[in-house]
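Chemist: Would you be able to build a 3D model of this:
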Amino acid sequence: MTAQIGIWSVGDDFPVRVERSDIGLEADLEDWVAGQPSLLLEGLQVVGRQLHVDAGYIDLLCLDATGRWVIVELKRGQLYRDAIVQAIDYASCIQTIDGAFLRDSIRKGLDGLANRESVLESVDYQLQSDDEGREVAIIVAGAGVDPGMERVVTYLGKFEIPIRVVSFDVFGTSDGSKLLVREVLDDENSQTGIVPVKKARTVDEIGRVAEGEGVGEAFNQIIAGAEEAGLFCRPYKHSVMITPPTHKNRYLMVLNPREGLGLRMSHGSDAFAEFFSGVVAHDVEEALGPSDEAYVLTKENWQEKAQVLVEFFRQLPEAGRDGSRRAFFTALLDHEETRKTTFAGRSPSSGSFLDTSTGVTGVGIGYGVTQHGTTVYLWIDRGKDWADWNDAVYRCLISQKEQIEADFGEVMTWDAKETNRSRKLASSLDLGGWVDHEAWPEVIEATVETMIRFDAAIRPRLGDAVKTVDAKQS
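Modeler: Residues are numbered from 1 along each chain as shown. Predicted coordinates:
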């Protein structure tokens, strides 16, 4: 049975239906997926584009979060059964092709991809692991799914053929903006999102590899912190994937100890936001760094990062918190209503952050709360391929640091870590946090008044900064 999508915008009055847009996917889908492969599956890394094999040209060749090769076949319109046949043909080529020839083909096609060194590192590592058997998964994506396609995918799933089908549609809102809607067809009971990896080790066996690299304690602390938070830790051939407890096929984070390197890790901010109420993607990146960009813990540097990860797990809303943060933000928003600020209409969060749009894509303004403190902040992050833009906007603002802080009335924190593509301006208060219930009236009033001053000092200059940067980069 084919699903019929209906989307309505909800405001103060009755829901208003959002109509399908006349903008098609033909020209954009491959570029969108190449730039943001998490549209198809969290944790994907693109390693080849229009890669030639005996069966033809593979639209995208990827590695997934567990290190498997993934064929991506994209169609301009509705998906039919022949797309599966074509993708299986490509998968058979990748499964049997000589490793040195595959690497050379990938290397020759890297000019159109970012992070060349990172791609080749991942490819080389995976090719070294293929001596245990090369595993290949399939993703097909397009605009709509024919019922016959669903029938074939369901049948092949019984034989553990690793296939995921993704369907996209574009809707236009009354204000002229566009919504990209995604539907996913795969086996929700499978182990990985596109059926189980057949050869797996235990978590302890993978942990022993980490011990050999001097990061065994880091590995054990992160695993223990995830399990304490109620997350599931699923082992594969060389890695452990951390998943939501109710969706053990979905990637949140991967731990991969590598010989001679340390503990290679990545996480998906969108996935955390999807499964944990009140968490938004940039909250995760605020705590852990850029999404889906691998980072390495070594025996020299693991302590601080492991502590951050464990604390992040503890802060997840579904990890047994008592609802105090949501109650705090509810009270804060009630006070906001009396001051008529830009947060009008926002719903309370169960997480550590509550933000709203500044009207500039990729720039948000918001509140943060800890056990005994609060923060107001401006967050600049337009996405994975916009690090230069993020930094340029930040530099325009910091060039006016003296005037901004004079208008604000106090010194701000200006955060531009080299290891993080995002940029942040913030001001913190230590009057109390979500634990200090009796102090909430004082804390909330002071925090909201700080936000009003903070917003007034930055917003007029933000628009000019964006215009300046866009003009220079156009």
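
Chemist: Look up how far T338 lies from I452.
Modeler: As for I452, its distance to T338 is 12 Å (criterion: CB to CB, to the nearest Å). For every residue, glycine as well, the C-beta is placed using N, CA and C.

Chemist: Then S352?
Modeler: Between S352 and T338 the computed distance is 24 Å (CB to CB).

Chemist: and these two? which has more neighbours close in?
Modeler: For S352 and T338, the more surrounded residue by other CB atoms under 10 Å is S352, and the numbers stand at 25 against 9.

Chemist: Go ahead and confirm D436 touches H372.
Modeler: Yes - here D436 reaches H372: they are 6.3 Å apart, a contact under CB atoms under 8 Å.

Chemist: beta partners for V165?
Modeler: The residues listed as beta-bridge partners of V165 by DSSP bridges are V140, L185.

Chemist: Quick one: neighbours of it, just the number.
Modeler: Residues near V165, counting by other CB under 10 Å, number 22.

Chemist: Likewise for the one 4 residues further on?
Modeler: Close neighbours of D169, defined as other CB under 10 Å, add up to 16.

Chemist: Tell me which helix or strand it sits in.
Modeler: With elements taken from DSSP states H and E, the one containing D169 is strand 163-172.

Chemist: residues of that strand that come out buried?
Modeler: Residues of strand 163-172 classed as buried by neighbour count (16 or more other CB atoms under 10 Å): I163, R164, V165, V166, S167, F168, D169, V170, F171.

Chemist: any chance of these in JSON lines, with distance to A387 too?
Modeler: Rendered in JSON lines, the data for the buried residues of strand 163-172 read as follows (distance: CB to CB, whole Å):
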{"residue": "I163", "distance to A387": "34"}
{"residue": "R164", "distance to A387": "29"}
{"residue": "V165", "distance to A387": "32"}
{"residue": "V166", "distance to A387": "27"}
{"residue": "S167", "distance to A387": "31"}
{"residue": "F168", "distance to A387": "26"}
{"residue": "D169", "distance to A387": "30"}
{"residue": "V170", "distance to A387": "27"}
{"residue": "F171", "distance to A387": "30"}
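
Chemist: low-scoring stretches of the stretch 251-400 of the chain, by residue?
Modeler: In the prediction, the stretch 251-400 of the chain carries residues with pLDDT under 70 at positions 292, 318-323.

Chemist: what are the ranges of the helices in it?
Modeler: If DSSP state H, counting those that start in this stretch is used as the criterion, the helices of the stretch 251-400 of the chain fall at 269-275, 281-288, 302-315, 324-339, 387-398.

Chemist: quick one: contacts of the third one?
Modeler: The reference is to helix 302-315. Counting contacts by CB atoms under 8 Å, 6 or more residues apart in numbering, the residues outside helix 302-315 that touch it are 215, 217-218, 221-222, 224-226, 228-229, 231, 262-263, 284, 287-288, 295, 297, 319, 321, 351-352.

Chemist: Filter those residues down to just the ones in strands.
Modeler: Judged by DSSP state E, the subset of the contacts of helix 302-315 located in strands is G262, L263, Y295, L297.

Chemist: Pick out whichever of those residues sits closest to G133.
Modeler: Proximity to G133 was ranked across the ones in strands among the contacts of helix 302-315 by CB to CB; first place goes to L263, at 24.3 Å.

Chemist: What about that closest one, how many residues nearby?
Modeler: Other residues near L263 number 25, with proximity taken as other CB under 10 Å.

Chemist: biggest helix in the chain by residues?
Modeler: Taking DSSP state H as the criterion, the chain has its longest helix at helix 440-473.

Chemist: I'd like to know which elements that one is packed against.
Modeler: Under the contact definition 3 or more CB pairs under 8 Å, 6 or more residues apart in numbering; DSSP states H and E, helix 440-473 sits against helix 324-339, strand 363-369, strand 374-380, helix 387-398, helix 401-408, strand 423-429.

Chemist: Helix 387-398 and the last one, what's the angle between them?
Modeler: By that I understand strand 423-429. Strand 423-429 and helix 387-398 are oriented at 50 degrees to each other (axes from the mean of the first three to the mean of the last three CA atoms, to 10 degrees).

Chemist: roughly how far is strand 423-429 from the heart of the chain?
Modeler: Relative to its parent chain, strand 423-429 has a centroid offset of 22 Å by CA atoms, centre = their mean, to the nearest Å.

Chemist: for the record, mean pLDDT for it?
Modeler: Taken as a whole, strand 423-429 has a mean pLDDT of 92.

Chemist: Can you name the residues in contact with that strand?
Modeler: Under the criterion CB under 8 Å, 6+ apart, residues 286, 368, 373-381, 390-391, 393-394, 397, 408, 410, 412-416, 443, 446-447, 450, 454, 458 lie in contact with strand 423-429.

Chemist: Give me the neighbour count for A465.
Modeler: Number of residues near A465 (other CB under 10 Å) recorded here: 22.
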